[in-house]
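In: Need the 3D shape of this:
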Amino acid sequence: MAKYLLLKHYRGAPAPVNNVPMDRWTPQEISAHIQYMNDFAARLEKSGEYVDGQALAPEGTFVRYDGEGRPPVTDGPFAETKDLIAGWMMIDVDSYERAVELAGELSAAPGAGGRPIHEWLELRPVMSEHCATTE
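Out: Residues are numbered from 1 along each chain as shown. Below is the predicted model:
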């Protein structure tokens, strides 16, 4: 099994096909989207492929260590980047191909007008231990 992180973006990814910002969706469209996400996660829980997932608020704070005995340095609450993560889902699957298949399915969550968003999801493998190489 290999773990992959599926990242949903508020901005920074290529534009989805159904490119209507969520703040312009009706309450019913938002509910349908959330239900799709929950149903998708529940199905993956049953197959043993779901690890965890969360939606993220658009605001956040960067924090940095600034030396022994000094308080952490913060910058925010606005991210200084054009990329902003909207949420994530961790999956544990048998292959990269299965991860791509699930990411494609998740990309079809409904959006405005009840039509699939066809959003771009970032698929990132979780780093694992590498075998030591010998010369």
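In: Which SSE is immediately downstream of the least confident helix or strand in the chain by mean pLDDT?
Out: Lowest by mean pLDDT, DSSP states H and E among the helices and strands of the chain is strand 73-75, with a mean of 73. Using DSSP states H and E, the helix or strand that follows strand 73-75 in sequence is strand 84-93.
In: quick one: buried residues of that following strand?
Out: Across strand 84-93, burial judged by 16 or more other Cβ atoms under 10 Å covers 84, 85, 86, 88, 89, 91, 92, 93. For glycine as for every other residue, the C-beta is placed from the backbone atoms N, C-alpha and C.
In: just those residues now: which is nearest residue 51?
Out: Minimum distance to residue 51 across the buried residues of strand 84-93 is 5.3 Å, recorded for residue 92 (Cβ to Cβ).
In: Looks like that closest one contacts residue 51 (just checking).
Out: Yes - assessed by Cβ atoms under 8 Å, residue 92 is found in contact with residue 51 at 5.3 Å.
In: so what's the residue lying closest to residue 66 once chain neighbours are set aside bridging to?
Out: Leaving aside its sequence neighbours, residue 66 sits nearest to residue 73 (Cβ to Cβ, 6 or more residues apart in numbering; 4.6 Å). For residue 73, the beta-bridge partners are residue 64 (DSSP bridges).
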